[in-house]
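>>> Structure here, sequence nowhere to be found:
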Ligand SMILES: NC(=O)c1ccc[n+]([C@@H]2O[C@H](COP(=O)([O-])OP(=O)(O)OC[C@H]3O[C@@H](n4cnc5c(N)ncnc54)[C@H](OP(=O)(O)O)[C@@H]3O)[C@@H](O)[C@H]2O)c1
């Protein structure tokens, strides 16, 4: 059985390990914690072994930790790094590369320049097969993953008849459980956002994609406002919604008033971590004007990348075909059922 270690137990690491612990094809060695806080006992209570940095072990004497990260990594076949942005690169150099371990990195890293963790930015919908045989791969961030889920089906169907994509990312400030982070009363302007370049890493540098981003004081979800311009008349809103009817990880909702409605419904339905693990096209906002389609969709920032990590893990660890990996991920995440429930609950209200 292949052994997997999850290094980092924050918003992303805690979710990844909670889902993939139920995968019978792998053994979870444990999780890496860096601060001696209440999350250590939370992880232990959930049945995970906790490992800490060797040089910091003394700080954890009041906790039942299982050893140090350096030693447990010697046993791992694959590590999922879920550290704060930029630390993944340092971990690669210090720990993963010297041990020759397969490694997955998260969206706060980069694939450009001297701090690149990989030359591949993964999106299962676009480049699943490219991850097979790779040692180090970066999972795209939540915004990049969400954009890929919309753009790939559009590109596949409409190809050269699309003239350009203009996207405004309205990003959440913090995650719901990041209570230590305050949410200031401001709209922050993001200079030179990385998201467009990240998407272009798989769509090609010359793709006509233009991205701008702001951050707003909410914890619920991101919202993307996308204008797709065509050569000639644009398709109708119904054409666009039909295109996503059978797409993995895309729900088409009509009656959600805002992002909080979606999160609250996920909570009511006991979806793990209040996550939907997908994006939600707000169909009542789709408009077709001459050559342009305007689309809005919300992006479950914490949830969307979790099934992606599971798909990526299967490509790297078992070299599975896309279909095999997809079916296995579906068993753990029940994405089809969640999509169906969301679409039913937020269905179009007939007048
Ligand atoms: N949050 C999101 O919505 C989201 C979505 C997509 C992608 N991402 C990406 O996922 C990554 C993790 O983000 P997050 O939101 O989960 O961060 P987070 O909640 O701040 O958690 C980071 C975790 O990493 C641990 N850590 C600290 N130093 C570390 C090190 N040197 N090596 C390994 N782990 C270390 C922290 O441990 P202690 O708590 O013990 O100090 C904490 O458990 C980032 O690259 C981020 O950009 C985040």
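Nice, thanks for sending it over. Note that the structure is predicted; figures quoted are calculated from it, not measured. Numbering: from 1, shown residues only.

>>> isn't residue 226 right next to residue 294, touching?
Yes - with contact defined as C-beta atoms under 8 Å, residue 226 reaches residue 294; the gap is 7.4 Å. All C-beta atoms are positioned from the backbone trio N, CA, C, and that covers glycine.

>>> More neighbours: which of those two?
Set residue 226 next to residue 294 and count neighbours by other C-beta atoms under 10 Å: residue 226 wins out with 22 against 17.

>>> Sheet partners, orientation included, of the helix or strand containing that one?
Under the criterion of DSSP states H and E, residue 226 resides in strand 222-230. Using DSSP bridges, strand 222-230 pairs in its sheet with strand 162-172 (antiparallel), strand 292-299 (antiparallel).

>>> Not counting its neighbours along the chain, what's nearest the residue in the chain positioned nearest to the ligand?
Closest to the ligand within the chain is residue 10: 1.7 Å, counting by C-beta to the nearest ligand atom. Leaving aside its sequence neighbours, residue 10 sits nearest to residue 82 (C-beta to C-beta, 6 or more residues apart in numbering; 6.5 Å).

>>> that older thread, which other helices and strands contact the helix or strand just after the strand holding residue 226?
Later in the chain than strand 222-230, the nearest helix or strand by DSSP H and E is helix 237-243. Contact here means 3 or more C-beta pairs under 8 Å, 6 or more residues apart in numbering; DSSP states H and E; on that basis helix 237-243 packs against helix 142-158, strand 292-299.

>>> tell me the mean pLDDT for helix 237-243?
Across helix 237-243, pLDDT averages out at 97.

>>> which outside residues touch that helix?
When contacts are defined by C-beta atoms under 8 Å, 6 or more residues apart in numbering, helix 237-243 is touched by residues 153, 154, 157, 252, 281, 283, 286, 287, 288, 293, 295.

>>> Going through the residues you listed, which ones are buried?
153, 154, 252, 281, 283, 286, 288, 293, 295 (16 or more other C-beta atoms under 10 Å).

>>> Now flag whichever of those is closest to residue 306.
Nearest to residue 306 among these is residue 281, at 20.1 Å by C-beta to C-beta.

>>> Could you tell me how far the closest one is located from residue 162?
Plainly put, residue 281 is 17 Å away from residue 162 if you go by C-beta to C-beta, to the nearest Å.

>>> cool, and residue 45?
According to C-beta to C-beta, residue 45 stands 50 Å off from residue 162.

>>> which one of those two has more residues nearby?
residue 162 (19 against 8).

>>> can I assume that one is in contact with residue 228?
Yes - proximity of residue 162 to residue 228 meets the contact threshold set by C-beta under 8 Å, at 6.2 Å.

>>> what sits in contact with each of these two?
residue 154.

>>> What is the neighbour count of the residue of the chain closest to the ligand?
The number of residues packed near residue 10 is 18, by other C-beta under 10 Å.

>>> and if you look at the one 4 residues further on?
Using other C-beta under 10 Å, residue 14 has 21 other residues around it.

>>> do the same with the one 4 residues further on
The burial count assigned to residue 18 is 18, neighbours taken as other C-beta under 10 Å.

>>> Which helix or which strand is home to it?
Residue 18 belongs to helix 11-20, assigned by DSSP H and E.

>>> Check which helices and strands the next helix or strand after that helix sits against.
For helix 11-20, the following helix or strand on the C-terminal side (DSSP H and E) is strand 26-32. When contacts are defined as 3+ C-beta pairs under 8 Å, 6+ apart, strand 26-32 packs onto strand 2-7, helix 11-20, strand 50-52, helix 69-73.

>>> about what we covered before: now do the residue of the chain closest to the ligand against residue 188, distance only.
Distance, residue 10 to residue 188, using C-beta to C-beta: 21 Å.

>>> Residue 181 touches residue 173, doesn't it?
Yes - taking contacts as C-beta under 8 Å, residue 181 lies within contact range of residue 173: 7.4 Å.

>>> Report pLDDT for residue 179.
pLDDT recorded at residue 179 is 89.

>>> looking at this, it is in a strand?
No - counting by DSSP: H, G, I helix; E, B strand; the rest coil, one finds residue 179 to be coil, located in no strand.

>>> What are the phi and psi values at the residue nearest in space to the middle of the chain?
Closest to where the C-alpha atoms of the chain average out (C-alpha atoms, centre = their mean) is residue 305, at 1.9 Å. The phi and psi torsions at residue 305 (degrees, to the nearest 10) take the values phi -80, psi -10.

>>> Contacts only, for it.
Applying C-beta under 8 Å, 6+ apart to residue 305 gives the contacts 12, 106, 107, 139, 140, 141, 142, 145.

>>> which one of these has the most neighbours?
In terms of neighbours by other C-beta under 10 Å, those top out with residue 139 at 31 neighbours.

>>> need the residues of the stretch 251-351 of the chain near the ligand, please.
Taking C-beta under 6 Å from any ligand atom as the criterion, the neighbours of the ligand within the stretch 251-351 of the chain are 301, 302, 305.
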